[in-house]
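Q: Could you look at this predicted model? Sequence included:
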Amino acid sequence: MAVKKIAEKLFINTYTRYPILVQRAKGVFIYSEGKKYLDLIGGIGVIALGHSNQEVLKEIKRQLNLFMHVSNLFWQEPQIKFADEFLKTLNGNYRIFLSNSGAESVEAALKFAKLPFSESKRGFLAFYGSFHGRTHGALSATWKEDFRKPFYPLLPNFNFVEYGNLEQVENELKKKSYCAVIVEPIQGEAGVIVPAPGFLYELKKLCERYETLLIVDEIQTGVGKTGKFWAYEWENIKPDILVSSKAIGGGLPLGVTAVSEEISKLVKPGMHASTFGGNPVACSAGKIVIKKVNSKKFLKDVLSKGEYLKKELKKIGFEVEGKGLMIGVKLGEIKKEPQDIRDFFLERRIIVNVIKIHLGETRIRILPPLVISKKELDLFLEAVEELKNTL
């Protein structure tokens, strides 16, 4: 690919890119140099309604004709309408801060979580396998040593315990030095790891007992992927702080930090800000995404397709972890490298993400557009059946 040689001279080498030059994308497919690829990573969990969704595009164009940016020195109708729709998805009284990405939404959450506490109780507890972003604060709450080590020292007072281990959580919270626990309802970057039923519910109870806030990171799990708008709804809890991004912007950069009304009262003008946060075009797109996804019929359909996919994968002979259309296919401890598996699917014009997880096994992670059909999922299943014969 000739463009690769040009691009390598232009960009810092921070990504392991797929050998595809994207020319256009529509629905669940990406088009490149005469080839059509089934996209099962959806912009890394971003494209909930499919690429180039007509309703989203129409709203984007409408807002572009009005204004693209004026800054947060002004009230803006697109932000207000988005916030109204967003807050309807939450059970409780919350206020939101708008940013541009998941990492930014986590950074805001970490700052706001400190406000109710003295300096002696401003530590954070996270989990083995966790991923919350690569900016300095978010990276401090991210577990993977490969990401962390080049940038030591990170922020102090961040500790980690085993994901799903409530006893370890309680032993830490007894120290009374933590302002917040930060958790993903399902660990996505770790390969789609689902904790035991009741974990989030019991975790919230522990946080309440030890007067510690619970930050729920729904950047990857949220906006319908698990068959509920928010994954935490499966355990019927109320986060003190919730962070969202990825799919919430409909393909445009948008991050949201939602805090309880009590915490919001502690935030004063100037404590936090973002020049581009809550861009009016992104908010206009996000409003459409929320309206479309936050319906019983849409979410029921996500669940149905997820159950179908899991059932068929098990028939082929693979263990599966996940909820809804957030799926991890367990390949076990195999000799093939993740890139070999990725390339196997690329040869069949299917885009997947393959991860060697910290528990030792290799997994295929899929985060397809939620509008994918069972017929399109069958293309993936046919390839998985072929893969099984090569392992």
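A: Structure received.

Q: Show me where the stretch 101-250 of the chain has its helices.
A: Listed in chain order, the helices of the stretch 101-250 of the chain (DSSP state H, counting those that start in this stretch) span residues 102-114, 136-140, 145-148, 166-173, 199-209.

Q: Now the weakest link among the ones you listed, please, by mean pLDDT.
A: Note on those: helix 145-148 shows the lowest mean pLDDT, a mean of 94.

Q: what's next to it, contact-wise?
A: Applying Cβ atoms under 8 Å, 6 or more residues apart in numbering, the contact partners of helix 145-148 are 134, 139, 142, 154. For glycine as for every other residue, the C-beta is placed from the backbone atoms N, C-alpha and C.

Q: Do I have it right that the second one meets Tyr152?
A: Just to be clear, that refers to Leu139. No: counting by Cβ atoms under 8 Å, Leu139 does not reach Tyr152; the two are 10.3 Å apart.

Q: For the one helix or strand Lys4 maps to, name the packing helices and strands.
A: Using DSSP states H and E, Lys4 falls within helix 2-7. Packed against helix 2-7 by the contact rule (3 or more Cβ pairs under 8 Å, 6 or more residues apart in numbering; DSSP states H and E) you find no helix or strand.

Q: what's the span of stretch 216-230 from first residue to last?
A: Start and end residues of stretch 216-230 are separated by 10 Å (Cα to Cα, to the nearest Å).

Q: just stretch 146-156 next, same as before
A: End-to-end distance (Cα to Cα), stretch 146-156: 18 Å.

Q: Show me what counts as buried in it.
A: Of all the residues in stretch 146-156, not one is buried under the rule 16 or more other Cβ atoms under 10 Å.

Q: Tell me how many other residues surround Val22.
A: 13 (other Cβ atoms under 10 Å).

Q: Of the contacts of helix 145-148, grab the buried ones for ChimeraX.
A: Listed next is the ChimeraX selection for buried residues among those, using 16+ other Cβ under 10 Å:
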select :139,142
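
Q: If we only consider the contacts of helix 145-148, which is nearest to Ser120?
A: Among the contacts of helix 145-148, Leu154 lies closest to Ser120 (Cβ to Cβ), at 20.3 Å.

Q: Touching, the closest one and Ala141? I think so.
A: No: in this structure, Leu154 is not within contact of Ala141 by Cβ under 8 Å, at 9.1 Å.

Q: Would you map the helices across the stretch 251-391 of the chain?
A: 261-264, 280-293, 296-316, 338-347, 374-388.

Q: packing partners for the third one?
A: In terms of contacts (3+ Cβ pairs under 8 Å, 6+ apart), helix 296-316 is packed against strand 319-323, strand 326-332, helix 374-388.

Q: ditto for the shortest one
A: The elements that helix 261-264 packs onto, with contact taken as 3+ Cβ pairs under 8 Å, 6+ apart, are strand 94-99.
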